[in-house]
Structure formats: C-alpha cells, structure tokens
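Chemist: Below are the sequence and a predicted model for it; my questions follow.
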There are 2 protein chains.
Amino acid sequence: MSGIADTPEPPYYAVIFTTVRDGDKDYAATNDLMMGLATTQPGFLGVEGAGDGFGITVSYWRNRSDIAAWRDQADHALAQERGRSEWYATYCLRIAKVESDRNWRRNT
Amino acid sequence: MSGIADTPEPPYYAVIFTTVRDGDKDYAATNDLMMGLATTQPGFLGVEGAGDGFGITVSYWRNRSDIAAWRDQADHALAQERGRSEWYATYCLRIAKVESDRNWRRNT
C-alpha cells in the first residue's frame, strides 16, 4: 500500500479511514494481514495508505455492499475490535462515491 | 492538518489527493500557505494530511462548485503548476461525494 491505486473508471467507492493511533502491539502485522485479506475480497479495487501516528488509509471498492461485506468479514471484524480496544485513540471512517478522477505523471 | 477534520453531517465532498513527491524546494512552505488559503475559501470544511514522500491529503468541501473555485484560485493555480514541474513525480486526484461517516473515540 505504498503507491497510487490503479482504480477503474468512476464511479466507484472510497472508504476514507483517518486514525490517531496510541498503541502498536501487533498493529503492523495485523494491518499487513488485513491489507492482504482485503485484496481477496469481492469488489476490492485498491488501497492507499500514508502516515503513522496520524494515518490515512483509503480503500477503493466497486459498491457499498462490497464495503459492507468487508466490514463484516470475520477476521476483519476481530481486527476492528482490537483496533478500538488497543490501537486507536480516535478515528473517522467516511464512505464516499468517487465521481471523477485524474491521474497525472511527469513526462521524463 | 494533523488531526481529524470536524466535518458536518453528510452529504459533502472529499478531494482525495494522493501524491508521489520527488522534489522539496519550497514545498513545505508553499503547502502551509495553500492550506491556510484553503481555509478562507467558500465551502471549505476541513483537511487531513499524512505521509511525506508518498502522501495523502484529503480536503472536504460543501459542493463541487466550491472545489472548482479553489482549483481555479490564482495562487493555488500557480502552486499546482509548480507541483507538476518541481514536486510531484505522479499524483491522482479523486473527487468523491461523502455519503456517510462515523466518528469514534475511545472512552477514557
């Protein structure tokens, strides 16, 4: 999740997950595991993440029912519970419909 | 821009700006200037940023015409031009309509 997600033509959905973290036991390993698991979910289109103590992760999905299915996936639900009890002081999760996008790359 | 944006009830808009940066001359100062200028724009609701070489900045707006006005603001247009010539190797800018959000904070 260290690059720009190669998403299809809009419309598609973005889950913007903004977090303030105050714990890190098993966090990195669990996060890696969840990112790997997300890629196997129906409707997953890509993910981008940046930051550490204050972090933003944006995952992209085909539609809202795919987002709901990922939210309810058993291993992910356990990780969310652990996030609330151990890792995150506060977070905001926003679900947004991407209407347009523009990719730019410098000519070299 | 080091915290979670205190946005109003949805719907509102998010501009998800994902960047790979390969230059930094005047970048931080210009970025600070633009963030300050954004807060004075009509329809600006908040901004969140994380990362450095790979960065995600999400700004929140009332509607798409406010986003277009900020895109066309003269100082911002100059900064965008400089971003393409000096700071960014590649970027993706997505405009998305936030349909729902959820804030969570640990009880202490």
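Modeler: Thanks, I have the structure now.

Chemist: Any idea what residue A:100 is bridged to?
Modeler: Beta-bridge partners for residue A:100, by DSSP bridges, are residue B:95.

Chemist: doesn't residue B:97 make contact with it?
Modeler: No: taking Cβ atoms under 8 Å as the contact criterion, residue A:100 and residue B:97 are not neighbours in contact, 10.4 Å apart. In short, each C-beta sits where N, CA and C put it, glycine included.

Chemist: Tell me which of the two has more neighbours.
Modeler: Residue environment comparison for residue A:100 versus residue B:97 gives the larger neighbour count to residue B:97, 18 against 12, counting by other Cβ atoms under 10 Å in any protein chain shown.

Chemist: what's near enough to touch the more buried one?
Modeler: Residue B:97 makes contact with A:96, A:97, A:99, B:11, B:12, B:13, B:14, according to Cβ atoms under 8 Å, 6 or more residues apart in numbering or on different chains.

Chemist: Those: which two are farthest apart?
Modeler: By the measure Cβ to Cβ, the contacts of residue B:97 have their two most distant members at A:99 and B:12, which lie 13.1 Å apart.

Chemist: Show me the beta-bridge partners of residue A:51.
Modeler: With beta bridges defined as DSSP bridges, residue A:51 has these partners: residue A:55.
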